[in-house]
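Q: After the sequence you'll find the predicted model.
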Amino acid sequence: MLLRATVNSPFGRKVRVTAEYLGLSHRIERVDADFRDPDDALRRDNPLGKMPVLFSEEGIPLYDSRVIVDYLDSLAGWTLCPATGEARWRVLQTQALADGIMDAGVSMVMENVLRPEQMRFADWLDFQRGKMERGIDTIAALAERSCTVDHGSIATACMLEWAEFRQLIDWRSRQPALADWLDQFNQLVPAFKNSAPQ
Ligand SMILES: N[C@@H](CCC(=O)N[C@@H](CS)C(=O)NCC(=O)O)C(=O)O
């Protein structure tokens with residue numbers, strides 16, 4: 001399988017950590033993608049022009065990251081999300097929240113990186129920062145329950161390290177318990193350490 005994503009994409013990291021944890025990474029080759037380059041095949045493979053895209057074993061260009069991690073889970077026998085019941089919806093809700101925090105962060109990075117300084121919109125940045133702050137507070141409460149390996153915790157761990165890497169929010173001061181949670185996650189998933197943004 002072919003994965004189009006940079007090493008610093010937090011959504012791409014979700015896929016890489018999931019693949020490694022499930023013992024599938026040897027079946028995946030990663031190739032960088034550039035969403036700013038109109039000639040990059042990314043826009044053909046995913047009309048939204050976003051990474052990650054994973055070419056499945058059947059040759060289907062799969063996106064977005066939630067679909068991809070579900071596909072990988074299917075190959076490995078469905079272990080990363082309970083099939084039914086409240087536990088399933090909690091895992092998927094946590095994943096959606098972590099992804100949403102990353103979406104807000106990506107919007108902030110785009111504003112800061114793509115727009116000339118005089119065109120940056122402070123209210124927009126505050127609007128996105130509010131999503132990150134409320135999201136971090138809620139995810140800290142969810143994470144208090146337990147640390148297990150599933151789609152929700154993988155997305156949460158990728159989100160926390162990426163937000164720190166991009167210096168978008170000081171979640172360690174805001175929700176110190178998340179640091180202990182991340183330590184526990186690191187012990188449960190050694191593959192996570194090896195996939196850090198650079
Ligand atoms: N919902 C998507 C989000 C992916 C995403 O936003 N990726 C970023 C890079 S980390 C991107 O390619 N952005 C380009 C754009 O927004 O045009 C997913 O889960 O895969």
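A: Sure, I can see it.

Q: Just name the shakiest helix or strand of this structure by mean pLDDT.
A: helix 190-193 (a mean of 91; mean pLDDT, DSSP states H and E).

Q: now that helix: how far from the chain's centre is it?
A: 14 Å (Cα atoms, centre = their mean, to the nearest Å).

Q: Please point out which parts of that helix sit buried.
A: Using 16 or more other Cβ atoms under 10 Å as the test for burial, helix 190-193 gives 191-192. (C-beta placed from N, C-alpha, C; glycine too.)

Q: what does that helix rub up against?
A: With contact meaning Cβ atoms under 8 Å, 6 or more residues apart in numbering, helix 190-193 is reached by 17, 20-21, 25, 154, 157, 185-186.

Q: Say whether the ligand is contacted by the lengthiest helix in the chain.
A: Selection of the longest helix in the chain by residue count, based on DSSP state H, yields helix 85-114. Yes. Using Cβ under 6 Å from any ligand atom, helix 85-114 reaches the ligand at 99, 106.

Q: Stretch 180-198 now?
A: No. Counting by Cβ under 6 Å from any ligand atom, the ligand is not contacted by stretch 180-198; separation bottoms out at 10.3 Å.

Q: Pull the distance from that stretch to the chain's centre.
A: 13 Å.

Q: which one is the residue positioned nearest the centre of the chain nearest to, not counting chain neighbours?
A: The centroid of the chain falls nearest to Phe11 when counting by Cα atoms, centre = their mean (3.4 Å). Of all residues not flanking Phe11 in the chain, Ser65 sits nearest, at 4.1 Å (Cβ to Cβ, 6 or more residues apart in numbering).

Q: From Ile169, how far off is the one you found?
A: 20 Å (Cβ to Cβ, to the nearest Å).

Q: next one: Pro52
A: 23 Å.

Q: quick one: Met46 and Val53 touch, right?
A: Quick fix: residue 46 is Asn, not Met. Yes. If you go by Cβ atoms under 8 Å, Asn46 and Val53 touch, sitting 4.9 Å apart.
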